[in-house]
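Chemist: sequence and predicted structure below; questions after.
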Amino acid sequence: MKKRNWFIGVLSVVVLALAACSTPSSNTTQETSSKAQSNSVFTYAISGEPSSTNPITTSDRWGLTITNMIFSPLIRIEGDGSQKFELAKSIETSQDGLVLTVHLRQDVKWSDGQAFTADDVVFTYEQKAKKENGNAKSMWIGDEAIQVVKVDDYTVEFRLPTVSAAALENVATEIYIMPKHIYKDVKDFSVSDLGITPVGTGPYKLKEHVRGEYFQFEANEHYYGGKAAINTVVLRIINSTDTAKLALQKGEIDAAVVLPSDISELGSQVTPYAYSENRIGYMGLNTKTTELSDKRVRQAILYALNKDDMNKAAYLSTEYYTNPYSILPPNNPFVTNDVEKYETNVEKSKALLAEAGVTNLTLRLGYSASDAAQTLQATLIQQQLQQVGITVELAGGDGTALFTELRKKGSTQYHLFLGGYIMGNDPDLYSVLFAPGQRSNYFQFDSQEVAKLFQDGATELDPAKRKEIYNTLQQTIVDNAIIYPIVDNRRVLVVNNRIGNVEKAGLIPIYTLEDMSKLIIK
């Protein structure tokens, strides 16, 4: 099976600093507790309210998890890079590299019983290509949009304005298709909530949502993969890791994500599943702040830090983490280790600060207070920077609010911030983070050199030359010290032993479980 890139559709960046939400009411807790013990309900704890439930705009973990339950992409890319056809049954590329033809399944129905056709695919991609909707980058090559054309009811062509290796790899993957007959009258697809009860082709249908408390789903009887074995799934919002652990121990929930250090506390009634997400957890530096406008100051900060101490504190051992040094995860096929690693050097840090004429520096660090790993990282960053005379003010809070602020052009509220992203294998996907003017360039890094390298890499078809371009790109970004890659950690999902087929459901990046319909209750 051909290897392709792990591309998360509309995802520009996955911010793992998830939203901190209000604690569920006692009535809700009692209700979901009884549901978790039901023979027809699976209850999964999520750490925050999604920032968006709109498939066109959603970019956070929980918004994408919900989207994945309700909708389906043409092609899904597995964690190992291989293709898994969903709504598509085959694809082919023209000899000139300008047309990608997708043949669609003819046995798919929407959850309301209507047939899925090429009209739905064209409609979805047309909304995605509109720049005003906020997530259009993957549908454009330079200043020209990729055209999506219906050939017949079950065939679609993607017509590229010019040859692009990145577009050929990514355009047909991981974008969740929406039914035209339901959404055709929507005027604005840039919003976080479309205000319509969703209709999809995925394994579940949304039944109820109580904001800040839970999402409840029921099985989609028309699902092309077969009706789910568990009829009801509840995503219960628990913003405290300690509360989630207690709920697991009491049997109030069936599954939650925990740190490796939590596993021993949870007892034998649960099973831990650890898996790689090819994720970069990082500390970002806001180059628009006066304090961090000088590259020497940014480099001084990085030389003062010790990522291994941070990772041992949060993840215990290298069984659960790898230290990254580039903007790409260690297992990415394009990654290079020929970059400045910023290994801890307190004296070099002090020398750079002195060279820049900086003393008594005070910086504000934003992070998600509901993320246990980020809380540990923030505390250690504060301690490590104290050694070189830098004072760090910790500003833990709502993760979604943090990145909403960072997305504002010219924002200087935070000097430093903790986040994470899962972007995929193709380096072009990372341009939304690091290219000038991109919506998720939280670093506010403005480099025309970087912009050109991204452009050259996307259009270069020779694999060896493309890799050389991306080597230079990684070196350039790392040298500018706008990001401190901290960890590529293994995610740990803990599941009550009453739930079976966890691995069959698929442990994958972002969504955790690829297809919850495969889960069973023993």
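Modeler: Alright, I've got the coordinates. Keep in mind it's a predicted model, so treat the numbers as computed, not measured. Numbers count the residues shown, from 1 in each chain.
Chemist: please name the residues that touch residue 99.
Modeler: 93, 157, 158, 159, 160 (Cβ atoms under 8 Å, 6 or more residues apart in numbering). The way it works is simple: take the backbone N, C-alpha and C, and place the C-beta from them, glycine included.
Chemist: count of neighbours near the first one?
Modeler: When you say that, I think you mean residue 93. Look at residue 93: counted by other Cβ atoms under 10 Å, it has 13 neighbours.
Chemist: and it, how far from residue 346?
Modeler: Using Cβ to Cβ, to the nearest Å, one gets 53 Å for the distance from residue 93 to residue 346.
Chemist: touching, residue 375 and residue 367? I think so.
Modeler: Yes - here residue 375 lies in contact with residue 367, judged by Cβ atoms under 8 Å, at a distance of 7.0 Å.
Chemist: can you pull out the strands in the stretch 151-300 of the chain?
Modeler: Counting by DSSP state E, counting those that start in this stretch, the stretch 151-300 of the chain has strands at residues 155-159, 204-210, 214-219, 232-237, 255-258, 270-276, 280-285.
Chemist: what does the second one rub up against?
Modeler: It stands for strand 204-210. Contacts with strand 204-210, where a contact means Cβ under 8 Å, 6+ apart, come from 28, 66, 69-70, 111, 197-199, 214-220, 228, 232-233, 516-517.
Chemist: could you rerun that using 7 Å?
Modeler: 28, 69-70, 111, 197-198, 215-220, 228, 233, 516 (Cβ atoms under 7 Å, 6 or more residues apart in numbering).
Chemist: in this protein, where is pLDDT below threshold?
Modeler: 1-38, 81 (pLDDT under 70).
Chemist: longest strand of it?
Modeler: strand 483-496 (DSSP state E).
Chemist: and it, what other elements does it pack with?
Modeler: When contacts are defined as 3 or more Cβ pairs under 7 Å, 6 or more residues apart in numbering; DSSP states H and E, strand 483-496 packs onto strand 255-258, strand 270-276, strand 280-285, helix 307-315, strand 321-322.
Chemist: try 8 Å
Modeler: When contacts are defined as 3 or more Cβ pairs under 8 Å, 6 or more residues apart in numbering; DSSP states H and E, strand 483-496 packs onto strand 255-258, strand 270-276, strand 280-285, helix 307-315, strand 321-322, helix 372-386, strand 512-513.
Chemist: so of the ones you listed, which one's packed in deepest?
Modeler: strand 280-285 (a mean of 25; mean count of other Cβ atoms under 10 Å).
Chemist: can you give me the strands for the stretch 1-150 of the chain?
Modeler: Taking DSSP E, counting those that start in this stretch as the criterion, the stretch 1-150 of the chain carries its strands at 41-46, 75-77, 83-85, 88-93, 99-104, 140-141, 144-145, 147-152.
Chemist: of these, which stretch is the most buried?
Modeler: Buried most deeply of the strands of the stretch 1-150 of the chain, by mean count of other Cβ under 10 Å, is strand 41-46, with a mean of 25.
Chemist: send the alpha carbons of that strand over as PDB?
Modeler: Presented in PDB, the C-alpha positions along strand 41-46 are these (Å, rounded to 0.1, in the frame of the first residue of the first chain):
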ATOM      1  CA  VAL A  41     -22.900   2.900  26.600                       C
ATOM      2  CA  PHE A  42     -19.200   3.800  26.300                       C
ATOM      3  CA  THR A  43     -18.200   6.900  28.300                       C
ATOM      4  CA  TYR A  44     -14.900   8.600  27.400                       C
ATOM      5  CA  ALA A  45     -13.500  11.600  29.300                       C
ATOM      6  CA  ILE A  46     -12.300  14.500  27.300                       C
END
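Chemist: from the chain's centroid, how far away is that strand?
Modeler: Counting by Cα atoms, centre = their mean, to the nearest Å, strand 41-46 is centred 20 Å from the centre of its parent chain.
Chemist: which one's the longest helix in this structure?
Modeler: Ordering each helix of the chain by length in residues (DSSP state H) puts helix 463-479 first.
Chemist: quick check: angle from it to strand 483-496?
Modeler: On the basis of axes from the mean of the first three to the mean of the last three Cα atoms, to 10 degrees, helix 463-479 is oriented at 100 degrees to strand 483-496.
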